[in-house]
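J.: Sequence first, then the predicted structure, then my questions.
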Amino acid sequence: MLHDLAVWVVHWAQTPYGAYALFALAVAESSFFPIPPDALLIALCLVRPEAAFLLALVCSIGSVLGGMVGYVIGLKGGRPLLKRWFKSEKVRLVERYYQRYDVWAVGVAGFTPIPYKVFTISAGVFALNFPRFVLASIISRSARFFLVASVFYFFGPSIKALVDRYFGLLTVAFFVLLFLGFYVVQHMGRRAARKDEIG
């Protein structure tokens, strides 16, 4: 299912609506959609490397706005909603991160393969400081997407040749990173649960 979704996401790069789809995907991924916007951002940067920074800006704005939507969902839905959507191990792990790092846990999630929506919705559930949550989202998501854009802007032709040559391998690597993010959250959540039981 994830493979089919990823193919559907990337196909927007071949349409005139790629930038609009990128914005919508970035909003959705920060609150409920499973596929990160990086896949479409990369595809669009391959087609238009000269517009890479503009595309990164569109993606960053959409992701931050989506994170704000996730925050409101968590704030209004509360902990029962969080437990219904995510496993208790994930909830416990994210809560530990917030207890230790406050909103800057969002910065870690925003720049890594860890599912971002788990943190945005949790931030609302735990009623973290909203302005600082938004600031952490802006910093982490912009850093991630502009890093991707920089690679294609400065090394566009050579990167395109590399992607064309190893497209299958890179696709597998993308899915490995995607599943790795979910696995890390699940594994660390279970460790946190065992520590709670021991403690």
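T.: Structure's in. What do you need?

J.: Every contact and neighbour count from this point should use C-alpha atoms.
T.: Noted.

J.: first vs last residue of stretch 40-53, how far apart are they?
T.: 14 Å (CA to CA, to the nearest Å).

J.: Render the CA-only coordinates of stretch 62-70 in PDB, please.
T.: What follows is stretch 62-70, C-alpha atoms only, in PDB (Å, rounded to 0.1, in the frame of the first residue of the first chain):
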ATOM      1  CA  GLY A  62       3.100  23.400   4.000                       C
ATOM      2  CA  SER A  63       4.800  21.200   6.600                       C
ATOM      3  CA  VAL A  64       4.700  23.900   9.300                       C
ATOM      4  CA  LEU A  65       1.100  24.600   8.600                       C
ATOM      5  CA  GLY A  66       0.300  20.900   8.700                       C
ATOM      6  CA  GLY A  67       2.100  20.600  12.000                       C
ATOM      7  CA  MET A  68      -0.100  23.400  13.400                       C
ATOM      8  CA  VAL A  69      -3.100  21.500  12.200                       C
ATOM      9  CA  GLY A  70      -1.700  18.400  14.000                       C
END
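
J.: Which stretches in this structure count as helices?
T.: 2-10, 18-29, 38-47, 52-85, 88-101, 104-111, 116-125, 130-165, 167-198 (DSSP state H).

J.: which of the ones you listed sits most buried?
T.: Most buried of those, by mean neighbour count (mean count of other CA atoms under 10 Å): helix 116-125, with a mean of 27.

J.: and the helices of the chain, which one's lowest on average pLDDT?
T.: When the helices of the chain are compared by mean pLDDT, helix 167-198 comes last with a mean of 56.

J.: contacting residues around the closest residue to V27 other than its chain neighbours?
T.: In this structure, V27 finds its nearest non-sequential neighbour in G66, 3.9 Å apart by CA to CA, 6 or more residues apart in numbering. Residues near G66 by CA atoms under 8 Å, 6 or more residues apart in numbering: A26, V27, A28, E29, S30, S31.

J.: what about the third one, distance to Y20?
T.: Applying CA to CA, the value for A28 to Y20 is 12 Å.

J.: And for the fifth one?
T.: To Y20, S30 is 16 Å away according to CA to CA.

J.: R79 too?
T.: When R79 is compared with Y20 (using CA to CA), they lie 33 Å apart.

J.: ok, A19 touching L55?
T.: Yes - assessed by CA atoms under 8 Å, A19 is found in contact with L55 at 6.8 Å.

J.: Now do the shared contacts for those two.
T.: L44.

J.: Verify the contact between G77 and A127 for me.
T.: No - using CA under 8 Å, G77 is not in contact with A127; the gap is 11.5 Å.

J.: Name the residues contacting each of the two.
T.: Between them, G77 and A127 share no contacting residue under CA under 8 Å, 6+ apart.
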